[in-house]
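# Let me see the structure of the following:
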Amino acid sequence: MRLTILGGGGFRVPLVYRALLADHRRTGITEVALHDVDGGRLSAIGRVLAAQARDVPDAPAVVTTTDLGEAVAGAAFVFCAVRVGGLAGRVLDERVALRTGVLGQETVGAGGISYGLRTVPVARRIAETVARRAPEAWVINFTNPAGLVTEAMAGLLGDRVIGICDSPSGLVDRVLRALGADPATTDVDYAGLNHLGWLYGVRPEATGEDLLPGLLADEALLGTLEEGRLFGAGRLRELGAIPNEYLHYYYDPAGTLAAIRDAPQTRGEFLLEQQHRCYDSLGDRTRDPLDAWLGAWREREATYMAENRELAGAGEREHDESRPAGYEGVALAVMRALAADEPARLILNVRNRGTVGVLDDDAIVEVPCTVDAAGAVPRKILTLPDHGVGLVRAVKSAERGVLEAAAAGSRAAAIRAMAAHPLVGEVDVATRLVDAYRDAFPDLNYLR
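Numbers count the residues shown, from 1 in each chain. As a prediction, this is how the structure comes out:
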């Protein structure tokens, strides 16, 4: 059975393959096809995967190709993890926004709108190719902005595309550990959009009693959580919920903007520099490629959202390699549930189907789901807290504007989408941003 990874020359692909090596007998994967537009990156990551598999005699075979149709043909699963414009594009997303006086994070605000406008046309072409060459395949989308891209692909693939992110699962894992609750027998109320969600209920099935108020009242216990340190106990008690870490950009936009402006380099610039060093080292035949990659990965994890954590005094990021894996672990759990019909409970990006009452049924939302061979179905949760409603509606409006702009090739629709985002909010600023991004990215010349 074939697993295809689009963006197969990407830095994080070894995380996926490592998780697969530990679990491939249960998933039934016998071949991994890596696709990328950059043959050099494919070769470098192929060396890392070969090093990972050297002590695994029955490891899934790895093939590489730069032909999309060839990559997905006959695939049972397609992992979509592309980055349109590469990390150099991320640097432009960030810098154009900062020059215009707004936040430039890659998935939040202006940078995310630019990234989405570039990515949606590519995602739709991928979906068309999968529908034609592998109509029975399940597509598991990692590509950011994950909710937006999943919604674009769902227009062609329906429920056979599922979006994933590791931020909600990491949050839930930390909270359940702090409470000593069993993930297998505990329901959680979590809802929102990708990078815009809240955990607002933790209910063991045996009692149905919500444990979250007790956690919010315990300042010492909250201090053991990354989110407790990032947002502060007072803010969490005011919300009656624990936000996804990305809400920090919305709750303190001025502070995060200043912190990013004052940093010696943006996150994208750091990663681009690091990536160049990493891929150069992977081309050095005298070095162990796995050691070179591992060193770069650990450095990358340790510096994640560094400006936000420094601003909030949150300390170093928790990075325990013995804990459950990140987004690659979520992807493998989804694939295992689909392939082996082993029901799993996961927070995923799927069609709303009435789960979040303030959005229509076709909107892609990030909510707890049950996954089995039939697909991912949202679980019943308590109503989204009132404090999240306006933000969710505003960001979904911006996402829908991106989809409209991409479908129509409309500069005017792109400006409306940019202005609809709460971290932009003004038409004149949105106009300057869209025109600056069009100047920076040839991929956006389709906006007329």
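
# Give me the phi and psi for the closest residue to G109 other than its chain neighbours.
Residue nearest to G109 in three dimensions, not counting chain neighbours: L423, with 3.5 Å by Cβ to Cβ, 6 or more residues apart in numbering. Placement of C-beta: from N, CA and C, glycine included. Dihedral pair for L423: phi -90, psi 0, per degrees, to the nearest 10.

# could you list every residue that touches L423?
Taking Cβ atoms under 8 Å, 6 or more residues apart in numbering, we find L423 in contact with 102-103, 108-110, 249-250, 253.

# try G326
So G326 contacts 15, 166, 170 (Cβ under 8 Å, 6+ apart).

# ok, 7 Å please
15, 166 (Cβ atoms under 7 Å, 6 or more residues apart in numbering).

# ok so, going back, just the buried ones from the contacts of L423?
Buried members of the contacts of L423, counted by 16 or more other Cβ atoms under 10 Å: 102-103, 108-110, 249-250, 253.

# Just send those back as JSON lines, with pLDDT too.
Formatted as JSON lines, these follow (pLDDT from 0 to 100):
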{"residue": "V102", "pLDDT": "95"}
{"residue": "L103", "pLDDT": "90"}
{"residue": "V108", "pLDDT": "91"}
{"residue": "G109", "pLDDT": "89"}
{"residue": "A110", "pLDDT": "96"}
{"residue": "Y249", "pLDDT": "95"}
{"residue": "Y250", "pLDDT": "96"}
{"residue": "P253", "pLDDT": "93"}
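
# With respect to R438, which of those is nearest?
A110 (13.1 Å; Cβ to Cβ).

# Leaving out sequence neighbours, find the closest residue to the closest one.
A97 (4.0 Å).

# Doesn't the one you found lie inside a helix?
Yes - remark: A97 belongs to a helix, assigned using DSSP: H, G, I helix; E, B strand; the rest coil.

# Any idea how many residues pack against it?
29 (other Cβ atoms under 10 Å).

# now the residue nearest to L193 when sequence neighbours are not counted, what's its secondary structure?
Excluding its sequence neighbours, the residue lying closest to L193 (Cβ to Cβ, 6+ apart) is G147, at 5.0 Å. Under three-state DSSP, the three-state class of G147 is helix.

# if I look at G147, how far off is T186?
Between G147 and T186 the computed distance is 25 Å (Cβ to Cβ, to the nearest Å).

# Give me the more crowded residue out of the two.
G147 (28 against 18).

# Surely the more buried one touches E366?
Yes - in terms of Cβ atoms under 7 Å, G147 counts as a neighbour of E366; the distance is 6.4 Å.

# Now for those two: what residues contact both?
193-194, 349.

# Considering these, which is situated nearest to R83?
Closest to R83, out of all of the shared contacts of G147 and E366 and judged by Cβ to Cβ, is N194, at 15.8 Å.

# distance of the closest one from R336?
Distance from N194 to R336, counting by Cβ to Cβ: 22 Å.

# what does G74 give?
20 Å.

# picking that back up, out of N194 and R336, which sits in the more crowded spot?
Using other Cβ under 10 Å as the criterion, N194 and R336 rank with N194 on top: 29 against 18.

# what sits against the more buried one?
Contacts for N194 (Cβ under 7 Å, 6+ apart) come out as 145-147, 163, 165, 349, 366.

# give me the element A413 is part of.
Applying DSSP states H and E as the criterion places A413 in helix 411-420.
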